[in-house]
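Engineer: Generate coordinates for the sequence data below:
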Amino acid sequence: MNMILRLFITAGLVLLLSNIISGVHVASFVTSLIVAFVLGLINIFIKPIMVVLTLPFTIVTFGFFLLIINGLVIVLCTKIVGGFVVDSFWTALLFSLVLSISQSIAYGIFIKEK
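Structural biologist: Sure thing, here's the model as predicted:
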């Protein structure tokens, strides 16, 4: 049940942020649901590989390179999901940062862990 709630929260945040951040375009709520699902899959399967391969850069930059990886994850998601467009890498970086902070706040409010 928590996973479905997280999916809908993320989809709502993607749709909300597309209206707030210029340069992020989402066609509909269904598209934002697909974006949330694809982001979840990328974060589970592809992102850990990217983190391991870029570990030296991450260590040298004291972890700030993880922000770049998050931006790349958003760019990858735009390539996979039709109807989800981010104009530039810097917009994707900003979107990923704001989405992560918003998710943390929303999950803390709406999802009660046992």
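Engineer: Now do the strands for this protein: every range, in order, please.
Structural biologist: Applying DSSP state E to the chain gives strands spanning 24-26, 84-86.
Engineer: From the contact counts, what lies against the last one?
Structural biologist: Of the remaining helices and strands, those touching strand 84-86 by 3 or more Cβ pairs under 8 Å, 6 or more residues apart in numbering; DSSP states H and E are strand 24-26, helix 29-45, helix 65-80. Just so you know, the C-beta spots here come from the backbone N, C-alpha and C atoms, and that holds for glycine as well.
Engineer: Flag every buried residue along the first one.
Structural biologist: Within strand 24-26, the residues that qualify as buried by neighbour count (16 or more other Cβ atoms under 10 Å) are 24, 26.
Engineer: Kindly report the same for stretch 78-85.
Structural biologist: For stretch 78-85, a neighbour-count test (16+ other Cβ under 10 Å) marks 78, 81, 84 as buried.
Engineer: Which residues does the last one form beta bridges with?
Structural biologist: Beta-bridge pairing for Phe84 (DSSP bridges): Val26.
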